[in-house]
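*Asks:* can you look at this prediction? I've put the sequence above it.
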Amino acid sequence: MAYDPLIPQGTDRIRVSAPAIQENFFEISTVFGNNHATLNAADAGKHIFLQLVAQPGDPGTGAAEGALYTKAGNFSGLVELFFQRQNNGAVLNLTQSLANPDNVSPGYCYVGPVLIKWGESSAADPAAGVYNVDFPVAGNIPVFATVPIVFTQQIGGVIQQFFIMSGVPTTVGFPITKVNTGAPYFVPFLAIGT
């Protein structure tokens, strides 16, 4: 039997409605016990973990309110955790999933509102000169809203300078200068921004 909010009625005799009352208490205990410590435990009333049903959109908030909820992520399409500030304020995606969960290159992820991208650029034997390394944007990978900080490192078996980072990064990439000819270059990078 499911929970019945109409039990007991004021005119019910306890001996008649007792089984229905016990069933209601059983249903309440069962539902409350879902994701909670049991009623008689030292941690009674506390959550073991929290499951949130995905919302179709942002729920809205009033003064001195905040909302923690789940909905489909803007880029991943997967159910993600969000927080909305008071007075229908800013919405923060707290758990944006990786676009490529195998951590292959190129890729991106969100850590709160911070966008992190990684990838690589390479060429077999380009002439010396300036080249632009583009951040990944294929598919559903977002573009940086602000100019990111870029980290890169030269990798190779021979220790010599194949390229230098030159110029200023933009929201879509960063320039490098190839300084040696007759050798390939490989530019791994990590960019952090919003």
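*Replies:* That came in fine, so what should we check first? From a predicted model like this one, the values you see are computed outputs, not experimental measurements.

*Asks:* ok, then the element right after the helix or strand of the chain with the lowest mean pLDDT?
*Replies:* The weakest-scoring helix or strand in the chain, judged by mean pLDDT, DSSP states H and E, is strand 163-165 (a mean of 68). Going down the chain from strand 163-165, the next helix or strand is strand 173-178, by DSSP states H and E.

*Asks:* quick check: angle from the following helix or strand past that following strand to strand 173-178?
*Replies:* Downstream of strand 173-178, the next assigned helix or strand under DSSP H and E is strand 185-193. Interaxial angle of strand 185-193 relative to strand 173-178 (axes from the mean of the first three to the mean of the last three C-alpha atoms, to 10 degrees): 150 degrees.

*Asks:* centre of the chain to strand 185-193, how far?
*Replies:* Distance of strand 185-193 from the chain centroid (C-alpha atoms, centre = their mean, to the nearest Å) equals 21 Å.

*Asks:* pull the contacting residues for the residue nearest to residue 137 when sequence neighbours are not counted.
*Replies:* Leaving aside its chain neighbours, residue 137 sits nearest to residue 143 (5.7 Å; criterion: C-beta to C-beta, 6 or more residues apart in numbering). In this view, the C-beta of every residue, glycine as well, is placed from N, C-alpha and C. When contacts are counted by C-beta atoms under 8 Å, 6 or more residues apart in numbering, residue 143 is found next to 135, 137, 171, 172.

*Asks:* filter these down to the buried ones, ChimeraX style.
*Replies:* Selecting only the buried entries of the contacts of residue 143 in ChimeraX, with 16 or more other C-beta atoms under 10 Å as the criterion:
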select :135,137
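
*Asks:* ranges for the helices of the protein?
*Replies:* For the chain, applying DSSP state H gives helices covering 14-33.

*Asks:* how is it divided into domains?
*Replies:* 1-51, 52-97, 113-193 (automatic domain parsing).

*Asks:* confirm for me that residue 149 is in contact with residue 189.
*Replies:* No - Residue 149 lies out of contact with residue 189 (C-beta atoms under 8 Å); the separation is 10.8 Å.

*Asks:* more neighbours: the two, which one.
*Replies:* Comparing residue 149 with residue 189 by other C-beta atoms under 10 Å, the one with more neighbours is residue 189, at 23 against 10.

*Asks:* what sits closest to that one if chain neighbours are left out?
*Replies:* For residue 189, ignoring the flanking residues on the chain, the nearest one in space by C-beta to C-beta, 6+ apart is residue 152 at 4.5 Å.

*Asks:* thank you, goodbye.
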